[in-house]
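# dropping a prediction and its sequence here:
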Amino acid sequence: MVGELGLKKKIRILCVALMVLFVIFILAPFLMLLGPDRFRDYIHRELVYEVIVSKLTEGVKRDREKALILMDFVEAHVLPHPVGSRVIDKHPLNDLIRGMGSCDQMANTLITLARKANIKGRLIFLYGYDSVSHHSVCDLYIDGRFRIFDPFIGSVFVDKEDNMAGFRDMQNRGGEFSPMRNQKAMGALNRVEKIKSSYIEWNKLPKEKSADLDIFEDIYLRLYEPAYEPKFFRVNYKQDRKRFALSRIMDLYYNTLGDGFLILFQELYFKLDNTDPYTKARFKHLSFRYKDAISEYSVNIDAIEDKFLKTEEIFFMGQAFWDMGDYKKSILEYERLLKFRGFPDARRRRVILAYLIDACLRIREFEKTEFYRSQIEENIWL
């Protein structure tokens, strides 16, 4: 009898201990939000990266496919800086929030997301023919080797056997490889022309000499020439132990508790951080909370009087509809933006035309597609 009472007492103690541990487990990430601002921002940032990668690569087994999916995402969500905008070096999530970045920021964003997919990556400043770097890419460790990924132009480089090129491949036998691009909306932006125009301007080439230049063979491959070796500026697999541990903790909570945890965590983060309405909408958008983000954008658009800020909110609302596959509503928002008074002189016009081309194609509105094609310069690597 005494033995049975002792056993029951031990079981009760064990149950209470387990309940206490469970409560601690549930409350721990929310308690971490009470830490310093930088600490709070870091763990939220890592959570958003994990959400992006988990959503995009769900069910995908091969690292090659994961990396290509992540590059497509970066290409569509970190766009070249519009005229008049400032370059701000902060962290990849800031570039995603702003929706713009330079070539090195795009490459850095890709290796940051690749880290969450357990793919090693390096940010590379290319020099090649010049002592000054004119372009940056990254390489990701795929199938036993580092392979070149250029999110700025949305390309990897493959040979006839579909093998992806590494840096030395591009340097020593680049002519055997061809750019393999995705055929999504951003293809219409023709970013390779930016590389060509920069090359012509830097080298002060007259028009008669530059007209017949092949973008890939005469310009792009020169960035890999051996005259000046590249600089591997950052790697994603040598992370501070404390940061690594915090990152993995946030991964564990999201992968265990799912979107319910994400929503609760973010809403508490917004309150403690006093997040402004625009940034709150962007965080929700990037965390795949599309309906919540669209609701926030709508409220902000009605409340904002500044025309520039209003057009930014409309742009991202159209992008949110595009991201969730509601192409008809995306078209409506972007067409509204094109008609917005004063917008033709605003930034992002070519990007919006690219989204419209893609969305119209997806719903088979071919006349509209051709109309918008006529308004954008086209010279796409195919």
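Arrived safely, thanks for sending. Since this is a predicted model, take the numbers as computed values, not measurements. Numbering: from 1, shown residues only.

# what comes up buried for stretch 144-164?
146-158, 164 (16 or more other CB atoms under 10 Å). Backbone N, C-alpha and C define where each C-beta goes, glycine included.

# then stretch 31-38?
Neighbour-count burial for stretch 31-38, counted by 16+ other CB under 10 Å, picks out 32-33.

# just checking, G99 touches H81?
No: contact between G99 and H81 fails when scored by CB atoms under 8 Å: they sit 10.2 Å apart.

# pLDDT weak spots in the stretch 101-250 of the chain?
By pLDDT under 70, the weakly predicted segments of the stretch 101-250 of the chain are 182-197, 201, 203-211.

# all helices for it, in order.
Taking DSSP state H, counting those that start in this stretch to define them, one finds helices in the stretch 101-250 of the chain at 103-116, 167-173, 192-203, 207-210, 241-257.

# now those in a markdown table, with distance to I52 and mean neighbour count?
Converted to a markdown table, those look like this (distance: least, CB to CB, whole Å; neighbours: other CB atoms under 10 Å):
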| stretch | distance to I52 | mean neighbour count |
| --- | --- | --- |
| helix 103-116 | 6 | 26 |
| helix 167-173 | 26 | 16 |
| helix 192-203 | 26 | 16 |
| helix 207-210 | 39 | 10 |
| helix 241-257 | 11 | 15 |
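
# out of those, nearest to D37?
Using CB to CB as the measure, helix 241-257 is the one of the helices of the stretch 101-250 of the chain that comes nearest D37, at 14.7 Å.

# for the closest one, output the C-alpha coordinates as CSV.
Written as CSV, here are the backbone C-alpha positions of helix 241-257 (Å, rounded to 0.1, in the frame of the first residue of the first chain):
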residue,chain,number,x,y,z
ARG,A,241,27.9,30.0,-32.3
LYS,A,242,25.4,32.1,-30.4
ARG,A,243,23.8,33.3,-33.5
PHE,A,244,23.8,29.8,-34.9
ALA,A,245,22.1,28.5,-31.8
LEU,A,246,19.4,31.2,-31.8
SER,A,247,18.8,30.6,-35.5
ARG,A,248,18.3,26.9,-34.9
ILE,A,249,16.0,27.6,-31.9
MET,A,250,13.7,29.7,-34.1
ASP,A,251,13.8,27.0,-36.8
LEU,A,252,12.8,24.4,-34.2
TYR,A,253,9.8,26.4,-32.9
TYR,A,254,8.5,27.2,-36.4
ASN,A,255,8.9,23.7,-37.7
THR,A,256,7.3,22.2,-34.6
LEU,A,257,4.4,24.7,-34.0
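
# and the angle for that helix with helix 103-116?
Interaxial angle, helix 241-257 versus helix 103-116 (axes from the mean of the first three to the mean of the last three CA atoms, to 10 degrees): 60 degrees.

# which residues in this structure form strands?
Using DSSP state E, the strands of the chain run over 121-126, 135-142, 145-149, 155-158, 178-181, 231-235.

# mind checking how far the most centrally placed residue in the chain is from Y278?
Of all residues in the chain, the one closest to the mean position by CA atoms, centre = their mean is V74, 3.1 Å from it. Distance, V74 to Y278, by CB to CB, to the nearest Å: 21 Å.

# got it, and R147?
Distance from R147 to Y278, by CB to CB: 37 Å.

# that older thread, how about the strands of the chain, which one is nearest D251?
Per CB to CB, nearest to D251 of the strands of the chain: strand 121-126, 17.1 Å.

# partners of that closest one, with directions?
The strands beside strand 121-126 in its sheet (DSSP bridges) come out as strand 135-142 (antiparallel), strand 231-235 (antiparallel).

# buried ones in the first one?
Of all the residues in strand 135-142, those buried under the rule 16+ other CB under 10 Å are 135-142.

# can I get those residues in JSON lines with distance to E333?
Output for the buried residues of strand 135-142, formatted as JSON lines (distance: CB to CB, whole Å):
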{"residue": "H135", "distance to E333": "33"}
{"residue": "S136", "distance to E333": "32"}
{"residue": "V137", "distance to E333": "33"}
{"residue": "C138", "distance to E333": "32"}
{"residue": "D139", "distance to E333": "37"}
{"residue": "L140", "distance to E333": "34"}
{"residue": "Y141", "distance to E333": "39"}
{"residue": "I142", "distance to E333": "36"}
